[in-house]
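Undergrad: Mind folding the following:
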Amino acid sequence: TARVIAATYALTPASYAQELWLKADALGLNHLDPVDTWPDSSGWGRDATQSGAARPQFRANVLNRQPVLGFDGGDDFMNVADNDAWAFADCDLFIVLRIQETSPWWTRAWLAQDEGSGTTKKWIWSHNGSAQVWHINSPGVGSDVRTGSIWTPSSEPFYVLELRKQGDDYVFYEDGNSNGAFTCATPVPNVNYVLTVGMGEQSPPFKGDIAEILIYGGALDDRERQRTGCYLQRKYALGAAYVSDSTQKLEVVSTWGIPMPVTGTNRFPYGAQFDCSVPSNVVIAGTQYVCAGWGMTGNEPASGAAR
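TA: As a prediction, the model looks like this:
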């Protein structure tokens, strides 16, 4: 038999410098249940929480059979405990969402940290009705508001939005396409307040739906950000422009004969189909053997029989 060992990066987001991973499908709730705790899947245990009337709703089977959290624009938002990780030197922020209201942008943010009004420390990622917005504010520095290229979201489709910061260089992305770049030397402040999901400077908060959020405390290289974007666009069947290099590594070991694919490292495009076989003659003590099946580790299916 031929034994096939597959060592691939599966359809998962990048793990490098991952600080927060909130995904609606991690919740085992019923349709329209209020969400008290949105578990963090990064391994850091930085769950988002809320209580009472401010809890968003769990909405099942909304986007490619995946659930989302619905924020009503009246009082719904969630909190993640304050952490120094949110004072980004570099970062890559991803969110899958539907935007149904943008005014005023400084309150209807999808992600923010804000100590209060005026010149207090804050950062806000939002949309002003015409473009994505990145807003930094802190005492001694003042207000710094940067916008991306003109883009007006519809109230119905979902989008993958991304904000990448490497040093002083920022890029907005909308469905994998660059949505404006800028340089900003103003440091992201270390805000002494919770990270808010679905609200910026108090009310009214964000109105729309959020399916997934990924926060990285570093700027992903192109391969890793494409991989993360591909994970999101395939999971939610979105028409985004992320393109993974799609090379899946397959390590092949055969106890007998010359297998196909050949022994050693093989690479295939993501989703490729191929036959596992030992086409060479295997004769031992006068008896000829044929390949009867195969096994695979680290992928699916785990085994298969000869055809």
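
Undergrad: Parallel or antiparallel, which strands does the helix or strand hosting G208 pair with?
TA: Assigned by DSSP states H and E, G208 falls within strand 207-216. As defined by DSSP bridges, the strand partners of strand 207-216 come to strand 18-23 (antiparallel), strand 66-72 (antiparallel), strand 91-101 (antiparallel).

Undergrad: Which of those sits closest to G257?
TA: Among these, the nearest to G257 by Cβ to Cβ is strand 18-23 (42.6 Å). All C-beta atoms are positioned from the backbone trio N, CA, C, and that covers glycine.

Undergrad: how distant is that closest one from the center of its chain?
TA: 8 Å (Cα atoms, centre = their mean, to the nearest Å).

Undergrad: and for it, what are the contacting residues?
TA: The contact list for strand 18-23 (Cβ atoms under 8 Å, 6 or more residues apart in numbering) reads 13, 38-44, 46, 48, 80, 83, 85-86, 195, 197, 210-217.

Undergrad: if you set the cut-off to 6 Å instead, what comes out?
TA: 38, 40-42, 46, 48, 85, 212-217 (Cβ atoms under 6 Å, 6 or more residues apart in numbering).

Undergrad: Just among these, which is most surrounded?
TA: Each of the contacts of strand 18-23 was scored for neighbours by other Cβ atoms under 10 Å, and Y216 scores highest at 28 neighbours.

Undergrad: For the nearest residue to that residue once chain neighbours are set aside, give the beta-bridge partners.
TA: What sits nearest to Y216 in space, not counting adjacent residues and going by Cβ to Cβ, 6 or more residues apart in numbering, is D92, at 4.1 Å. Using DSSP bridges, the bridge partners assigned to D92 are R164, Y216.

Undergrad: Wait, D92 touches I215, no?
TA: No. D92 is not in contact with I215 according to Cβ atoms under 6 Å; the separation is 8.0 Å.

Undergrad: about what we covered before: ok, so of the contacts of strand 18-23, who is nearest V191?
TA: V191 lies nearest to A85 out of the contacts of strand 18-23, by Cβ to Cβ, at 11.5 Å.

Undergrad: That closest one: what secondary structure?
TA: Following DSSP: H, G, I helix; E, B strand; the rest coil, we place A85 in the helix state.

Undergrad: burial count for the closest residue to it other than its chain neighbours?
TA: Leaving aside its sequence neighbours, A85 sits nearest to E19 (Cβ to Cβ, 6+ apart; 4.6 Å). By the criterion of other Cβ under 10 Å, E19 has 21 neighbours.

Undergrad: so how far is K121 from E19?
TA: 19 Å (Cβ to Cβ, to the nearest Å).

Undergrad: Kindly report the same for C291.
TA: For C291, the distance to K121 - Cβ to Cβ - is 65 Å.

Undergrad: Near the nearest residue to Q202 once chain neighbours are set aside, how many other residues are there?
TA: Distances taken as Cβ to Cβ, 6+ apart put T107 closest to Q202, at 6.1 Å, once the chain neighbours are dropped. As a burial measure, T107 scores 19 neighbours (other Cβ under 10 Å).
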